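In: predicted model, plus sequence, below.
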Amino acid sequence: MLQFRSNHATTVLRMAQADGKVLALGVLAGAAGISLAAVWYQSRRAVASSAGTGTYRPGLYTSSNAGSVVLQGGQAEVLDRLGALIQCVSELKEEVKALKETLPHLQDHVRDELRGRIGARKASPLNRTTPTRRKRASGVTRTEGQSSEEAESEGGYMTALTDSEEEDRKAEEPLDELTALLRRADGLHEHKGDKKKEGLSTLLEKKEKFDQECQYLWRLTRAYADAHDLAGDSLEKKKYAEKGKQIGAQAISVNPMCAESHQWYAILCGLLSDYESVQNKIKNGYLFKDHLDKAIELKPQDPLSYYLLGRWCYAVAQCTWIERKIAATLFGEPPSSTIQDALQNFLKAEELCPKYSKFNYVFLAKCYKDLGQKTQAKKMCESASAMSIVTKEDEEAQKELASLLLSL
């Protein structure tokens, strides 16, 4: 922004110098023409004053019977006007002289004036509390008595300040209650331990007020998933998973086009399947896949959805024959997927976000191992080992990595 102001001020100064020089040259040219007219007038006046010369000037003078030169009626008025014009030219010459002396210092004067205005503008508290966004029109209308230099300087000054005023306004504009709540929930989700669990209670305090806001509801679903992960008792985990799934379904009903709602609803279906019967477990598996597909359709650049879909594909590929038969009996068509499908989803997550997660590398290694590509599997294990342990999921990934390395 400072660079922009500096460049703009320099442009204003150059335009001011150019306008001043053109004005001076125009005035000098006009003065030269008037001076020629004045010389001509002086010569004619000298002729008129010498009555006895006897020189004849057709159209300008006539000779009376007394032998004196007499001016024609309209010519006397012209000569009077020329006399007044000569007086104006003399005054104009003095002004031009003063202008020529001022021009070399015009640049410094304009720069000082601009600095003074900008400084005053920044220092004023009114500028920060009630900013007025003024844009320079394509054609600047000058007020009476305003010079071209003043118009350019004022226009450039207001344009240069527009962006900074807008930034100040945004920085000081208070957040609405919902936005502030969502930001706090996002911040708590990034923490771990009790601080992360605090996100659920923070959101539940405002449930009655925002229970029809999709952005609130999918974050509440996420908070239930966090609480599930942090809970120590299986009954408590199941309670959080069931409630989270209900809130996720509500979020989808409020806005079916929200990718995050579908994504976190799928996650809660996956969590709940650990505490359900075989029939409900398979049903939740179908729901998991359907809503992940919808989340990817709505937001194809989210690596989390591809990672989760890779987990689903890998789990389905590992299903036993009896599990497939049960699924076919209950739902008509059993879910189907391959290790190659899982690998492609894990690779897509890595493509969208390199070093996405420690677990993503572990599952890449598992896929390569199952496909017989041990060299690639070892590379993925090395990449997983290089990542630090931050979350509880990272701790689980490290345990699986240790057992996986023993099998390679």
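Out: Yes, it's here.

In: what bits of the chain have low per-residue confidence?
Out: Counting by pLDDT under 70, the chain has low-confidence residues at 1-75, 107, 109-111, 113-173.

In: for it, which segments count as strands?
Out: Secondary structure of the chain (DSSP state E): strands located at 61-63, 69-71.

In: list the contacts of the nearest residue to Leu405 once chain neighbours are set aside.
Out: Computed as CB to CB, 6 or more residues apart in numbering, the closest residue to Leu405 that is not its neighbour in sequence is Cys381, at 5.7 Å. All C-beta spots, glycine's among them, are computed from the backbone N, C-alpha and C. Counting by CB atoms under 8 Å, 6 or more residues apart in numbering, Cys381 makes contact with Tyr361, Val362, Ala365, Leu401, Leu404, Leu405, Leu408.

In: now the residues you listed in JSON lines, with neighbour count and distance to Val96?
Out: As requested, the contacts of Cys381 are exported to JSON lines (neighbours: other CB atoms under 10 Å; distance: CB to CB, whole Å):
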{"residue": "Tyr361", "neighbour count": "24", "distance to Val96": "81"}
{"residue": "Val362", "neighbour count": "24", "distance to Val96": "86"}
{"residue": "Ala365", "neighbour count": "28", "distance to Val96": "87"}
{"residue": "Leu401", "neighbour count": "21", "distance to Val96": "88"}
{"residue": "Leu404", "neighbour count": "20", "distance to Val96": "91"}
{"residue": "Leu405", "neighbour count": "15", "distance to Val96": "91"}
{"residue": "Leu408", "neighbour count": "12", "distance to Val96": "93"}
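
In: relative to Glu236, which of these is nearest.
Out: Closest approach between those and Glu236, by CB to CB: Val362, at 27.4 Å.

In: ok, the closest one touching Leu401?
Out: Yes. Counting by CB atoms under 8 Å, Val362 touches Leu401, with 5.3 Å between them.

In: rewinding a little: dump the contacts of Cys381 to JSON lines, plus distance to Ile389.
Out: Converted to JSON lines, these look like this (distance: CB to CB, whole Å):
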{"residue": "Tyr361", "distance to Ile389": "13"}
{"residue": "Val362", "distance to Ile389": "12"}
{"residue": "Ala365", "distance to Ile389": "17"}
{"residue": "Leu401", "distance to Ile389": "10"}
{"residue": "Leu404", "distance to Ile389": "16"}
{"residue": "Leu405", "distance to Ile389": "16"}
{"residue": "Leu408", "distance to Ile389": "21"}
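
In: which of these fall in helices?
Out: Tyr361, Val362, Ala365, Leu401, Leu404, Leu405 (DSSP state H).

In: which one of the residues you listed is nearest Ser385?
Out: Closest to Ser385 out of those is Leu401 (6.7 Å), distances taken as CB to CB.

In: I figured Lys192 hits Thr391, correct?
Out: Yes. With contact defined as CB under 8 Å, Lys192 reaches Thr391; the gap is 6.2 Å.

In: tally of neighbours for Leu268?
Out: 28 (other CB atoms under 10 Å).

In: I'd like to know how far it sits from Glu297.
Out: 19 Å (CB to CB, to the nearest Å).

In: same check, this time on Glu400
Out: 30 Å.

In: who's more crowded, these two?
Out: The neighbour comparison of Glu400 against Glu297 (other CB under 10 Å) goes to Glu400, with 16 against 12.

In: which ones are touching the more buried one?
Out: Each residue near Glu400 by CB under 8 Å, 6+ apart is listed here: Phe359, Val362.

In: now it: how far from Ser234?
Out: Going from Glu400 to Ser234 by CB to CB gives 21 Å.

In: ok, Leu287 next?
Out: Distance from Leu287 to Ser234, by CB to CB: 21 Å.

In: the more surrounded of the two?
Out: Shown here are Leu287 and Ser234; by other CB under 10 Å, Leu287 has more neighbours (19 against 10).

In: skipping adjacent residues, who's closest to the more buried one in space?
Out: Cys269 (4.6 Å).

In: ok, that neighbour - how many residues close by?
Out: Cys269 has 27 nearby residues by other CB under 10 Å.
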